[in-house]
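Asker: give me coordinates for this.
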Amino acid sequence: PAVFPQAVITEMGGNLSSISFLDHAWGKTPPEALVAASKRQYGLYQRGNSAWDVIFGDLLPESISHIKWVLSCTEESVIEFGHNSHELISRLLSIKLEKLLADDGGTGKKCRILTTDTEFYSFTRQMNRLMEIGSKRIEIEHVEIHPINTFQSRFAEKVREGGKDNKWDLIYASQCVYSTQETIILDLEGFVGEVESELKGKENEDCFFIVDGYHGFGAIPTSLSTFTNTFYVAGMLKHVGSGANCAFLVVPQIQAEKLKPVFTGWIADPSVLSPESKGIKLGSEVGYIPGYSLMGGTPAFMPSLLIFVEVMRRWKERNITVVHAHRHVMELHEYFIRGIEDMVKKWKDGTEGTVSCWGGMRPMADPEIRSHSITFVVDSSQTAKKVVELMASFGDIEIDSRKNYVRFGFGFNHHLENVAKLLKTCEKVQEAVGQ
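Answerer: Below is the predicted model:
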């Protein structure tokens, strides 16, 4: 409809020449999918309660099939949905905290968590809150991500050392870290295999080992086909361009029946609405159905899933795969990196005693496993903010920053001429910043 292009013009202030180099550069397919999903959502709203039959009988099963296709999941894997990854992880965590609630402290039971020093704010905040409580019955340990080339071996060693005498309850690590967008798990299959091997044995068989793939889903070719006892959490917001308010958790089949979170809601067992059900009253047994166990109250992720299935349908119609998209982005990376290296050399040779603001490029993983963002370290968060503002002022190019990291994201909608313009704008910014 004509209203959609006009909305874009309005939101961009009439400037259609602006180019976004963000970590979720979507291209043309997601906006097309949004239009189709909006039409379908309008129709479903008119159906009232019968729309739930479509959501649970059609939308969720199709979404699950697409997720399994993208990630090469085993057929036995169970997919749980939530509104964001934090909701899903919080419910998993509540399962592990249950033993503390049910115990008066006489047994000395503890909840032991292992993670990294660079997880996203929500998870880190949750860990900080647990530590603030100061309970001697909650132990949280971490492994530093740097140096990245030894992270996997150091993390596996920590799993082994910590699990000798006391079991781990929850282990959590990101495939790519949120701050610099760097891939820290350089061999996902090997990493998972090693950690799963360390967790074998009665003392750790119930541990929840979670890989956070939020910044890799739909961008980095990823296969979960060899996972046997590992969870994988991600969401629809970033590289599949399906908006906020929906995340998912791939649950190993051997864990699916064990998911009975303390914090729960009616959707975790929708059978209570069936005609033969007696419903729920105080004192009723609390049941869970795999695939719904981590849900709470009435879900609001239908709009995001409607977009997601439309995106995936178009991917399949157009033979788009994560492998193809990733290859395209890596070609753009190569062109950009070469241009930056030439620029830095030129700046150093011609301006004695100064440092190029593009000289602090973060080391990158091999192209096969690299995230789609390239990150630079500058001297301060103020400089990073200034660089972002100048990129917009000089070239109508939108990028972003975190602390003193300046980040460029590449995706479907970028071509070499876009990167050429990006490099010219980077040169102008360098002259203006003049570090």
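
Asker: C-alpha only now, for contacts and for neighbours.
Answerer: Noted.

Asker: which residues in this structure form helices?
Answerer: In the chain, the segments counted as helices under DSSP state H are 3-11, 29-47, 51-54, 60-71, 85-101, 121-133, 151-162, 188-199, 253-256, 302-317, 322-350, 381-395, 416-433.

Asker: which one of the ones you listed is the most hemmed in?
Answerer: helix 302-317 (a mean of 20; mean count of other C-alpha atoms under 10 Å).

Asker: low-confidence stretches in this structure?
Answerer: The chain contains residues with pLDDT under 70 at 1-17, 23-25, 104-107, 163-165, 202, 349-355, 434-435.

Asker: please repeat the previous calculation with a cut-off of 50.
Answerer: 1, 8-9, 11-12, 14-16, 353 (pLDDT under 50).

Asker: residues contacting the residue nearest to the spatial centre of it?
Answerer: The residue lying closest to the centre of the chain (C-alpha atoms, centre = their mean) is Tyr214, at 1.0 Å. Listed by C-alpha atoms under 8 Å, 6 or more residues apart in numbering, the contact set of Tyr214 reads 174-176, 233-235, 238.

Asker: recalculate using a threshold of 6 Å.
Answerer: By C-alpha atoms under 6 Å, 6 or more residues apart in numbering, the contact set of Tyr214 is 234-235.

Asker: any idea how many residues pack against Ser401?
Answerer: 22 (other C-alpha atoms under 10 Å).

Asker: do you know how far it is from Gly360?
Answerer: Separation of Ser401 from Gly360 (C-alpha to C-alpha, to the nearest Å): 14 Å.

Asker: among the helices of the chain, which is nearest His142?
Answerer: Closest to His142 of the helices of the chain is helix 151-162 (C-alpha to C-alpha; 8.6 Å).

Asker: what angle do that closest one and helix 188-199 make?
Answerer: 10 degrees (axes from the mean of the first three to the mean of the last three C-alpha atoms, to 10 degrees).

Asker: distance between helix 151-162 and the chain's centre?
Answerer: Taking C-alpha atoms, centre = their mean, to the nearest Å, one finds helix 151-162 lying 23 Å from the centre of the chain it belongs to.

Asker: and that helix, what does it pack against?
Answerer: Helices and strands touching helix 151-162, as assessed by 3 or more C-alpha pairs under 6 Å, 6 or more residues apart in numbering; DSSP states H and E, are absent.

Asker: show residues contacting that helix.
Answerer: Here helix 151-162 makes contact (C-alpha under 6 Å, 6+ apart) with 145, 195, 198.

Asker: of those residues, closest to Val344?
Answerer: Checking the contacts of helix 151-162 against Val344 by C-alpha to C-alpha gives Ile145 as the nearest, at 27.7 Å.

Asker: list the contacts of the closest one.
Answerer: Contacts for Ile145 (C-alpha under 6 Å, 6+ apart) come out as Phe151.

Asker: phi, psi for it please.
Answerer: With angles defined as degrees, to the nearest 10, Ile145 sits at phi -80, psi -20.

Asker: my read is that Ala244 contacts Lys238, right?
Answerer: No. Look at Ala244 against Lys238 with C-alpha atoms under 6 Å: they stay out of range, at 8.6 Å.

Asker: okay, those two: which has more neighbours?
Answerer: Neighbour count, other C-alpha under 10 Å: between Ala244 and Lys238, Lys238 has more, with 21 against 16.

Asker: for Thr228, see how far away that one is.
Answerer: 26 Å.

Asker: same question for Ala392.
Answerer: 46 Å.

Asker: next: Cys426.
Answerer: 46 Å.

Asker: please apply the same query to Val250.
Answerer: Distance from Val250 to Thr228, counting by C-alpha to C-alpha: 11 Å.

Asker: between those two, who's got more neighbours?
Answerer: Using other C-alpha under 10 Å as the criterion, Val250 and Thr228 rank with Val250 on top: 26 against 17.

Asker: OK, contacts around that one?
Answerer: Residues in contact with Val250, defined by C-alpha under 6 Å, 6+ apart, are 78-79, 231-232.

Asker: beta-bridge partners for it, please?
Answerer: Beta-bridge partners of Val250, counted by DSSP bridges, are Ile79, Tyr232.

Asker: so Ser380 sits against Asn404, correct?
Answerer: Yes. Using C-alpha under 6 Å, Ser380 makes contact with Asn404 at a distance of 4.9 Å.

Asker: fine, thanks again, bye for now.
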